[in-house]
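>>> here is a sequence together with a model predicted from it:
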2 protein chains.
Amino acid sequence: MQYSSSKENHIKAIFHLQESDGLVTTNELAAALQTKPASVTDMLKKLKQQKLLNYERYKGFKLSSEGKKVALQIIRKHRLWEYFLVEKLQFGWDEVHEIAEELEHISSVRLIDRLDEFLGFPKTDPHGDPIPDKNGKLIEIMQVPLSLLPENTPAIVSGIGDQSQEMLELLNHKQIAIGTRLEITRKFSFDQSMELKLKQSPVITLSEPVAKNIFVRYDQ
Amino acid sequence: MQYSSSKENHIKAIFHLQESDGLVTTNELAAALQTKPASVTDMLKKLKQQKLLNYERYKGFKLSSEGKKVALQIIRKHRLWEYFLVEKLQFGWDEVHEIAEELEHISSVRLIDRLDEFLGFPKTDPHGDPIPDKNGKLIEIMQVPLSLLPENTPAIVSGIGDQSQEMLELLNHKQIAIGTRLEITRKFSFDQSMELKLKQSPVITLSEPVAKNIFVRYDQ
DNA sequence: TATTTTTTTTAGATTTGTCTAAATATTATT
DNA sequence: AATAATATTTAGACAAATCTAAAAAAAATA
Ligand SMILES: [Mn+2]
Ligand SMILES: [Mn+2]
Ligand SMILES: [Mn+2]
Ligand SMILES: [Mn+2]
């Protein structure tokens, strides 16, 4: 089956929202897609009719298992293209999201499987998010927010929560990327800010909102 | 400026048709796009309004210079993606057209310029067609149809006229590709069919309709 | 040139995706 | 529980891209 870009964007956004929230609401989805609640309601009816969505009016909604399958294929495409853009075309990790937002709607399955192979079957995208395999299987990455990492414990940056331009810009400036090794040297209980030691870099300071959006796994 | 995929498909098709015909007609364009003349008329009005097209009703039409610029950028994208698919993702030259038909509508100019660089600024696509540079400059390839090549004159395949699945399949079978060196050993005046010698291949026979759609340049 | 045929355009519908404004349902607050 | 606030849906409109059927113009032919 083929779906319009707009439908695919809705499906993908519902998938991401239901990860955290379980049931998704109309206003939530409208906000995520920068559209209006009335437009969302219209689309929900169509997705329901195509059996991609479990939805009853006023009751919230979530993807059917078929809907989830579709979502995972879109996410696979999005993340593989992001990887391509960064690793092959030398884009920065803060420049690829919008382009991948278009590329993810290219329909050919053979294309994406060949791309996967060409890239060497990468496990995660440039933001540390896992790439579903061709069957839609998505691995869970064991990681904790940097804000919960104890002091003096070596860790490796493995993921980013808020991936907005602003956040990625800040991380670029602080020289933090996926794979960066670090260790918290000092935590301040007043504001939960922290000082970090990065391998071969001067000490840096991060605020709590930033630390909550950096995910790490223990080193070794 | 950004145009819808449908508009871009119209613009590109007009460009190709006017290459040969000068002025393009409504029915011609409808046939090329597998759509109806009434739909074409609707689109022509929109393209005219956007000053991409010189059009007066019942009089035929052709692209404005702005329209040509737009067309060349779409063609650039189409051909660079085809090159990528064949050279990097190992697709056959008979498998890439449809996928490129979608990829050509991805809007990012930076993406296409980076792709061009990644590919090493190729001059022609997998079918021998020249790739416009970032300014839309298109080189002319000096070539003649194989049907006009004299006997016993070494030549190199440089382009294909009819690029339909059927034609490319036939050429695959005959082991003819862009860059293939060949020489006509015998021409039959009865039907204009010919026998060819390919480097390290048995002699093959081609009919006139095929020979008219293979373009060659003289070897050396 | 008159008539027929072909081409092109117009008129009016349809589908998809979006919107605003109004109505209705649900949830929160007195 | 009644009322107020919020969330969601419905009603009706609009733009884009397409179509069919009919009208009009141009081209071909008798
Ligand atoms: Mn998208
Ligand atoms: Mn990503
Ligand atoms: Mn296209
Ligand atoms: Mn080509």
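Looks like it came in fine. Numbers count the residues shown, from 1 in each chain, chains lettered A, B, ... in the order given. Ligands and ions are numbered 1, 2, ... in the order given.
>>> state the distance from residue A:18 to residue A:179.
29 Å (C-beta to C-beta, to the nearest Å). The way it works is simple: take the backbone N, C-alpha and C, and place the C-beta from them, glycine included.
>>> I meant to write residue A:125 there.
With C-beta to C-beta as the criterion, residue A:125 and residue A:179 are 13 Å apart.
>>> how about residue A:22: what's its closest non-neighbour residue?
residue A:62 (7.0 Å; C-beta to C-beta, 6 or more residues apart in numbering or on different chains).
>>> of residue A:125 and residue A:179, who's got more company?
Using other C-beta atoms under 10 Å in any protein chain shown as the criterion, residue A:125 and residue A:179 rank with residue A:125 on top: 26 against 10.
>>> ok, for the residue most central in space within chain A, nearest residue in space, not its chain neighbours?
Among the residues of chain A, the one closest to the centroid is residue A:129, at 5.4 Å (C-alpha atoms, centre = their mean). In space, and not counting its chain neighbours, residue A:129 is closest to residue A:79: 6.1 Å by C-beta to C-beta, 6+ apart.
>>> what is the neighbour count of the one you found?
Neighbours of residue A:79 (other C-beta under 10 Å): 22.
>>> sec struct for residue A:216, please.
At residue A:216, secondary structure determined by DSSP: H, G, I helix; E, B strand; the rest coil is strand.
>>> so what's the residue nearest to residue A:129 up against?
The neighbourhood of residue A:79, defined by C-beta atoms under 8 Å, 6 or more residues apart in numbering or on different chains, consists of A:100, A:124-125, A:129-132.
>>> OK, now which residue of chain A is nearest to ligand 3?
Distances between chain A and ligand 3 by C-beta to the ion are smallest at residue A:106, namely 11.2 Å.
>>> torsion angles phi and psi at the residue lying closest to that residue once chain neighbours are set aside?
Nearest non-adjacent residue to residue A:106, counting by C-beta to C-beta, 6+ apart: residue B:102, 5.1 Å away. When read as degrees, to the nearest 10, the backbone of residue B:102 gives phi -90, psi -50.
>>> residue contacts, residue B:102?
A:106-108.
>>> could these go into CSV alongside pLDDT and neighbour count?
Output for the contacts of residue B:102, formatted as CSV (pLDDT from 0 to 100; neighbours: other C-beta atoms under 10 Å in any protein chain shown):
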residue, pLDDT, neighbour count
A:106, 98, 17
A:107, 97, 13
A:108, 98, 17
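>>> which of those lies closest to ligand 1?
Among the contacts of residue B:102, and counting by C-beta to the ion, the member closest to ligand 1 is residue A:106, at 10.6 Å.
>>> residue ranges of the strands in chain A, please?
Under the criterion DSSP state E, strands of chain A are mapped to A:53-55, A:61-63, A:144-145, A:155-160, A:181-187, A:194-198, A:204-206, A:214-218.
>>> per-residue pLDDT, residue A:187?
At residue A:187, the predicted lDDT confidence score is 96.
>>> thank you kindly, that will do.
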